[in-house]
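Q: Sequence plus the predicted model coming up.
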Amino acid sequence: MDHPMARSGQAPSASELESHLGYWLRFVSNHVSNAFKAKVEAAGVSVSEWVVLRQLYAGQLAAAGAIAEAIGMTKGAVSKVVARLEEKRLLQRSVLEDDRRQQGLALTAKGRELVPELARLADENDAEFFGHLSKPARAELLATLRELVHHHGLESVPVD
């Protein structure tokens, strides 16, 4: 059935793309994410690898399942990331003492050295995109985004 407005020759009204907050969030997010992706890939890792490395940086031996839960990735996806990081000699596996059926993950010396460099790239990327904002404006934007995450119960960490 035709829309009543279409029969009269007029198109139904539609809001402009630019009137939506989601449009602007996506616009900024894509540019921020793509710039960061290029930076970490130039350093030899993917964004998902960076996220796993950063989770392990605290120093505790962690199980892949715990990492998957912490960042909202599937165990299979974490397993693939872990395999790539192990291949790059950025992390190592070992048997967990309290559960010999599970493997623990820990950064190698090379991985521990790389994380601060990647964090510096993340800091630089933030400064490039948000550094022109005043400290109060940055704090308000951060608080607003965190409130949205909390309100909607968003849990998975953006990895791609």
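A: Arrived safely.

Q: Give me the buried positions along stretch 33-49.
A: Applying a neighbour-count criterion of 16 or more other C-beta atoms under 10 Å, one finds F36, K39, V40, V45, S46, V47, S48, E49 buried in stretch 33-49. C-beta: built from backbone N, CA, C; applies to glycine.

Q: contacting residues around stretch 38-49?
A: The contact list for stretch 38-49, computed with C-beta atoms under 8 Å, 6 or more residues apart in numbering, reads 33, 36-37, 50, 53, 73, 77, 81, 84-85, 88, 90, 114, 117-118, 121, 124-125, 159-160.

Q: Recalculate using a threshold of 7 Å.
A: With C-beta atoms under 7 Å, 6 or more residues apart in numbering as the test, stretch 38-49 has contacts from 36-37, 50, 53, 81, 84-85, 88, 117-118, 121, 125, 159-160.

Q: Then stretch 138-147?
A: If you take C-beta under 7 Å, 6+ apart as the criterion, stretch 138-147 is touched by F130.

Q: what are the phi and psi values for the nearest residue to K88 once chain neighbours are set aside?
A: Counting by C-beta to C-beta, 6 or more residues apart in numbering, K88 lies nearest to G44, which is 6.9 Å off, once chain neighbours are set aside. G44 adopts backbone torsions of phi 100, psi 10, taken as degrees, to the nearest 10.

Q: what's the distance between G44 and G59?
A: Distance of G44 to G59, given as C-beta to C-beta, to the nearest Å: 22 Å.

Q: try S79
A: 22 Å.

Q: Comparing the two, which residue is more hemmed in?
A: When S79 and G59 are compared for neighbours, S79 comes out ahead with 15 against 9, by other C-beta atoms under 10 Å.
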